[in-house]
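Undergrad: Dropping the sequence and predicted coords here.
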Amino acid sequence: MDHLKSLIREVPGFPKPGINFYDITTLLKDAGGLGAVIHGLEAHCKDAACDLILGIEARGFFFAPPVAYALGKGFIPVRKPNKLPAATVKMEYALEYGTDSLEIHADAIQPGQRVVIVDDVLATGGTAAAAAKLVEKLGGTVASLAFVIELDFLNGRSKLPGYDVFSLLHY
Ligand code: AMP
């Protein structure tokens, strides 16, 4: 795990002062690192027994499709507003200043299907909580939420009570 951490570039002050950005592009370009991360997420998702793997735009799209492929499952995207072409369901969530929202295709999940949510970073948890609500709005069950990185000091888990939350790396 220390080796994986050494492949992640920390960029202080991006995108604004006070934020320490965890840049996973340096991990993605390392063949061994990419393989280890996908296998680590795959191993957890296998245990969660799911029907679909959901990725959150944008960096969740780097990880969710290869995990879905490795498990022989389908992939579904959750996107920023007005990107998905067919009928959507929307969830608004609070940011530090203001609100943002995420959308999913209304027919992406059939009632009763079990879904694992994948993203790169669990920070304050608002994004992941909104994705979980979208799954449930469509009648799905959140089997687990899986992240490459969790920023423990932001306590994003507190926004995900009762869910199975897994992260490969903790800071
Ligand atoms: P949050 O809703 O606060 O949990 O933020 C999660 C989203 O913001 C994830 O999709 C991450 O891609 C991104 N994010 C938040 N903080 C960071 C950070 N320090 N480094 C990299 N990405 C971050």
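TA: That came through fine. Everything numeric in this text was worked out from a predicted model, so none of it was measured. Numbers count the residues shown, from 1 in each chain.

Undergrad: C-alpha only now, for contacts and for neighbours.
TA: OK.

Undergrad: Need the CA coordinates for the strand or helix carrying residue 67. CSV is fine.
TA: Using DSSP states H and E, residue 67 sits in helix 60-71. Presented in CSV, the C-alpha positions along helix 60-71 are these (Å, rounded to 0.1, in the frame of the first residue of the first chain):
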residue,chain,number,x,y,z
GLY,A,60,-14.9,7.4,-11.0
PHE,A,61,-15.0,6.6,-14.8
PHE,A,62,-11.3,5.6,-14.7
PHE,A,63,-11.9,2.8,-12.2
ALA,A,64,-15.5,1.6,-12.4
PRO,A,65,-15.5,0.2,-16.0
PRO,A,66,-12.4,-2.0,-15.5
VAL,A,67,-13.7,-3.3,-12.2
ALA,A,68,-17.0,-4.1,-13.9
TYR,A,69,-15.2,-5.8,-16.8
ALA,A,70,-13.1,-7.9,-14.4
LEU,A,71,-16.2,-9.0,-12.5
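
Undergrad: quick one: contacts for the residue most central in space within the chain?
TA: Geometric centre of the chain, nearest residue: residue 119, 1.9 Å, by C-alpha atoms, centre = their mean. Residue 119 sits next to 55-56, 59-61, 63-64, 128, 146-148 when contact means C-alpha atoms under 8 Å, 6 or more residues apart in numbering.

Undergrad: same deal with residue 75?
TA: Per C-alpha under 8 Å, 6+ apart, neighbours of residue 75: 52-55, 64-65, 68.

Undergrad: Please name every helix or strand in contact with the helix ranked longest in the chain.
TA: When the chain is parsed with DSSP state H, its longest helix is helix 31-47. On a contact count with 3 or more C-alpha pairs under 8 Å, 6 or more residues apart in numbering; DSSP states H and E, helix 31-47 meets helix 25-28, helix 60-71, strand 141-150, strand 165-170.

Undergrad: Just want the angle from that helix to strand 165-170.
TA: 160 degrees (axes from the mean of the first three to the mean of the last three C-alpha atoms, to 10 degrees).
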